[in-house]
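Participant: Got a predicted structure here, sequence first:
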Amino acid sequence: MIQKTIKYILCATLFLLVSCNVDIPKDIIQPAELEALLYDYHLVQAMSTDAEGGEYKRRLYAGYVFGKHNVTKEHFDSSLMWYARNPKYLHSIYSSLYDRLDTEVALMTGERKLAKSEKDMLNRDTLDLWREERIMLLSSSPFMGRKAFAYEADSTFVVGDSVSFAATVHFVSPGNEPSSSAHIALVVEYKDNTSSSAGATITHDGCYTLEVPRNTTAAIKALSGHVYYMPGDSLTDERLLVGGLSLKRIHPAVTAED
């Protein structure tokens, strides 16, 4: 009975996503313009992650993007709110953004997609393991409030590897200050049945990175974690825009004696 109910809900949701056809208001950022804006926005957020004065640079770059596209933060947020209520359009925008952002982030971080030599790629000193969407909009919905991930380690992992998980978040709020928060977590399991974890509670926009120290005695067995949106005031229509997602495996430095 429960399985039938769940299937019915999922089918009904899918039907609404596919069949809903609402005209886009003229005062809302149009799809092509929003895609271009989101593309620039997440690129500059990724650029500011490793820059000195990260918080200042993040705000400066965001202001540059809004100015370039002739929109305000309020217009940006209100438009995202509308698209969140009309997921048919949002899905189309994200589908186009995924490949573009994945390619650009890979170039910016010195990575490249698996191409000529997959083995060579997997054995690089630093590898971004993230193979899912790099941008998403989380809400208070039970089906849309959490992004979880899990990866099994392969033969390219070695003893002493470290791991970092990064995400850029933007609270889409109708007010000046968001009432919501979010939590990000990273869990690393080792082959000796031990584990390490890192987590952070997020209450404002920014670029966040979690790092788990190296384990010099055991190799990594599996990686998992999440971005979890925690809505505050249930009467406030807020969302969490998440981008710049990366999960990096970093080999230990090779010494001269090695």
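Facilitator: Arrived safely, thanks for sending.

Participant: What about Ile93, how many residues nearby?
Facilitator: Around Ile93 there are 18 other residues, counting by other Cβ atoms under 10 Å. For the C-beta atoms, the positions are set from N, CA and C on the backbone; glycine is no exception.

Participant: what separates it from Ser164, distance-wise?
Facilitator: Separation of Ile93 from Ser164 (Cβ to Cβ, to the nearest Å) stands at 28 Å.

Participant: next one: Tyr64
Facilitator: In terms of Cβ to Cβ, Tyr64 sits 27 Å off from Ser164.

Participant: residue ranges with poor pLDDT in the stretch 51-200 of the chain?
Facilitator: Where the stretch 51-200 of the chain drops to pLDDT under 70, the residues are 51-58, 99, 101-124, 142-143, 174-178.

Participant: And the strands in it?
Facilitator: Listed in chain order, the strands of the stretch 51-200 of the chain (DSSP state E, counting those that start in this stretch) span 126-128, 135-138, 146-152, 162-172, 181-190, 195-202.

Participant: got those strands as a markdown table, with mean neighbour count and distance to Asn86 columns?
Facilitator: Below are the strands of the stretch 51-200 of the chain laid out as a markdown table (neighbours: other Cβ atoms under 10 Å; distance: least, Cβ to Cβ, whole Å):
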| stretch | mean neighbour count | distance to Asn86 |
| --- | --- | --- |
| strand 126-128 | 17 | 32 |
| strand 135-138 | 21 | 12 |
| strand 146-152 | 14 | 21 |
| strand 162-172 | 23 | 14 |
| strand 181-190 | 19 | 23 |
| strand 195-202 | 15 | 26 |
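
Participant: need these in CSV with distance to Ser78, can you?
Facilitator: Shown next, in CSV, are the strands of the stretch 51-200 of the chain (distance: least, Cβ to Cβ, whole Å):
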stretch, distance to Ser78
strand 126-128, 33
strand 135-138, 14
strand 146-152, 24
strand 162-172, 9
strand 181-190, 21
strand 195-202, 22
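
Participant: So which of those strands is nearest Asp27?
Facilitator: strand 162-172 (16.6 Å; Cβ to Cβ).

Participant: which helices and strands does the closest one pack with?
Facilitator: helix 31-49, helix 73-85, strand 181-190, strand 206-212, strand 220-230, strand 239-250 (3 or more Cβ pairs under 8 Å, 6 or more residues apart in numbering; DSSP states H and E).

Participant: For Thr156, which of these is the nearest?
Facilitator: Comparing these under Cβ to Cβ, the one sitting nearest is strand 239-250, at 8.0 Å.

Participant: Do I have it right that Thr209 meets Val163?
Facilitator: No - the pair Thr209 / Val163 is not scored as a contact, 10.9 Å apart, by Cβ atoms under 8 Å.

Participant: sorry, back to before: looking at the helices and strands packed on strand 162-172, which is buried most?
Facilitator: Most buried of the helices and strands packed on strand 162-172 by mean neighbour count (mean count of other Cβ atoms under 10 Å) is strand 239-250; its value is a mean of 22.

Participant: Reformat the helices and strands packed on strand 162-172 as TSV; add distance to Ser141.
Facilitator: What follows is the helices and strands packed on strand 162-172, written out as TSV (distance: least, Cβ to Cβ, whole Å):
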stretch	distance to Ser141
helix 31-49	21
helix 73-85	10
strand 181-190	15
strand 206-212	23
strand 220-230	9
strand 239-250	10
